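Colleague: fold the stuff below for me.
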Amino acid sequence: MVKNKLKVAGIGVTSVALLVAGLGAAPATAAKSSLVVENVFQLTSTDPARSFEQTGNMINHALYETLITYKGGDASQPVPAIASKWRYNSNATSFSFTIDPKAKFSDGTKVTSADVVFSLNRLKNVKGNPSSLMDGLTVSAPNSKTVRIATEEPTPQVLAILTSPAAGIMNAKVVRACGGTDAANAESADKALECLKKKSAGSGRYVLKSFNLTTEVVLDKNMKYWDGVDKDGYDQIVIRNVPVNVQRLNVIKGASSIAADLSPDQAEGVGSKVNVIEGKASNVFFFYLSQNPAFSDATKFTSNPKCIEAARYGINYDKIVRYAGRGAIQAPGIIPSFFSGALSSKDAIKQNTARAKRAFDACGIGDTPVEIGYWGDGGAVNGLNFGSLAALVAEDLQAVGFNVSLNGAPIAVSLPLYRDNKEETGLWLWGPDWPDSTNYTESFSPGTKVGLRMGWQAGADNLIESLRQQAAVTTDPKKRAVIFSRWQKEMNKRSPLIPLVQPASILVADKSVENVKDHPIWKINLPEITKK
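Modeller: Have a look, this model is predicted:
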């Protein structure tokens, strides 16, 4: 048995599923010790079992502690949280966690293994967007201090999965009083969603004060925090939904503490009163062509491999990287550069317009109209506007011969269309659900979550699906990296997915704010931020 150390590399870094209700922002009344974070909301709720978007992850990470977590901006070495120690067997099928005897919820009650079992089974059975985290996992509690998680096959990514804010541990008594349940019929029987927009039921350093899906979410310091209240931590955190251009103005003039969504160009010339924290984003923007030939006249052709080839080699990737600005790179594969098995720049697809035009002629789509779906109405992540990226791709496809039009829509409209495979082509991004490269093999292969969003059914590509299965059960770090790399190369040859760009990550923070770190899962590690 091994304690506190996963024997797998690949817990490197790892949908999106973006959900935003609006871009307007209402000013918050700042308390004496308030941290004001401005962000373009990717948010559905503060119920861990239903929230899987980046803003939701950032907030829930402060409200709900997980069994284990990461410190700072790291996403490779788990550290204790509610669990003080853990062990697992050599083939990664059995994991045991010991609950820290000091751990308490914000109402002062002790965290028990029963709360953990309730939380993780509720996550599985509510069948929200993050429920897939629990696929193949069985949770039990041998006693009040111990939790066991078992899998039928080797699952080396379990520790990485359990750091997700969606796996936050909830006070079972409070959630049940809100109408929550972890029963098998929780998808219909659980009624806790609205209640959990009014109060939190976790053990984190902060508690929920107020929630508004379109304007702001306010958190108050948990004055009963079980591991000691941080005197340097902020009394209140206000997370505001603010357009990117306004974020820049506000952080420069001191009306906010942190701007989370600026591009490298927007971070230029912000002045000496702020710090600019740069890194590589974990998000990868991609373009895809629907593989559902029955959806529309256009998809009869987009599902043709020759049409995919025409798009793959018709796109000017260098132009897209120039638009993304300093620090951005062409995504050579869907797995980001700092994950196990990431491809190098030499593996990236290169534009070849002659090949693209030959493939276009062979495809037969001719002047059949085809739409590109994306998050419209100003949707932006890492400072990159979806509409601008879609326009760049459309320009290149038109040059090859496609009769392309843009069909952006507010996220509340466009996201369900993407998720339900009701787009002819689409431009989206993916941010990691858990920091391991299996998040990509398990999401983009035929028959998986994003595979199905693209209309790519199980059985569509035997080799890619075989590599996915190998990645899922291989525990040796070097062998895993080879599989991830080969899987991406095969995806680049035949999949309907076309990786575009991995942007830079930019955080701009007032100099009075310390310990600001970008994280691939929860963006900003709010519980660790302190004031000078």
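Colleague: model confidence for Gly279, exactly?
Modeller: The model reports Gly279 with a pLDDT of 85.
Colleague: which SS class is it?
Modeller: strand (DSSP: H, G, I helix; E, B strand; the rest coil).
Colleague: can you tell me how far it sits from His519?
Modeller: 10 Å (CB to CB, to the nearest Å). For every residue, glycine as well, the C-beta is placed using N, CA and C.
Colleague: give me the common contacts of these two.
Modeller: In terms of CB atoms under 8 Å, 6 or more residues apart in numbering, Gly279 and His519 are both contacted by the residues Gly73.
Colleague: who's more crowded, those two?
Modeller: Neighbours per residue, other CB atoms under 10 Å: of Gly279 and His519, the larger number sits with His519, 25 against 16.
Colleague: on the strand side of things, show who the more buried one bridges to.
Modeller: Beta bridges link His519 to Lys523, judged by DSSP bridges.
Colleague: which residues touch it?
Modeller: Tyr70, Gly72, Gly73, Ala75, Asn525 are the contacts of His519 under CB under 8 Å, 6+ apart.
Colleague: show me the two of these that sit farthest apart.
Modeller: Ala75 and Asn525 (10.7 Å; CB to CB).
Colleague: return the closest of the contacts of His519 with respect to Thr214.
Modeller: Closest to Thr214, out of all of these and judged by CB to CB, is Asn525, at 24.8 Å.
Colleague: correct me, but the closest one touches Gly73?
Modeller: Yes: look at Asn525 against Gly73 with CB atoms under 8 Å: they come within range, at 7.1 Å.
Colleague: which neighbours do those two share?
Modeller: Lys517, His519.
Colleague: so these two - more neighbours on which side?
Modeller: Set side by side, Asn525 and Gly73 show more neighbours around Asn525, with 22 against 18, by other CB under 10 Å.
Colleague: return the residues in contact with that one.
Modeller: His61, Gly72, Gly73, Asn515, Lys517, His519 are the contacts of Asn525 under CB under 8 Å, 6+ apart.
Colleague: got it, and Val270?
Modeller: Arg248, Val251, Ile252, Val276, Val508.
Colleague: helix or strand: which one has the second one?
Modeller: When elements are defined using DSSP states H and E, Val251 is found to belong to helix 244-253.
Colleague: and for that helix, what's in contact with it?
Modeller: In contact with helix 244-253 (CB under 8 Å, 6+ apart) are residues 25, 38-40, 242, 255-263, 266, 270-271, 273-274, 380, 383, 508-510.
Colleague: drop anything exposed from these.
Modeller: Buried by 16 or more other CB atoms under 10 Å: 25, 38-40, 242, 255-263, 266, 270, 274, 380, 383, 508-510, out of the contacts of helix 244-253.
Colleague: still on that earlier bit, so of the contacts of Asn525, which two are at opposite extremes in space?
Modeller: His61 and Asn515 (14.1 Å).
Colleague: if we can go back for a sec, ok, the contacts of His519 vs Gln351, which is closest?
Modeller: Distances from Gln351 to these, taken by CB to CB, are shortest for Ala75, at 32.3 Å.
Colleague: quick check: phi and psi at that closest one.
Modeller: Dihedral pair for Ala75: phi -140, psi 30, per degrees, to the nearest 10.
Colleague: repeat that for the one 4 residues further on.
Modeller: Dihedral pair for Val79: phi -130, psi 160, per degrees, to the nearest 10.
Colleague: quick one, domains of this structure?
Modeller: 2-261+506-531, 284-502 (automatic domain parsing).
Colleague: those: lowest mean pLDDT?
Modeller: domain 2-261+506-531 (a mean of 89).
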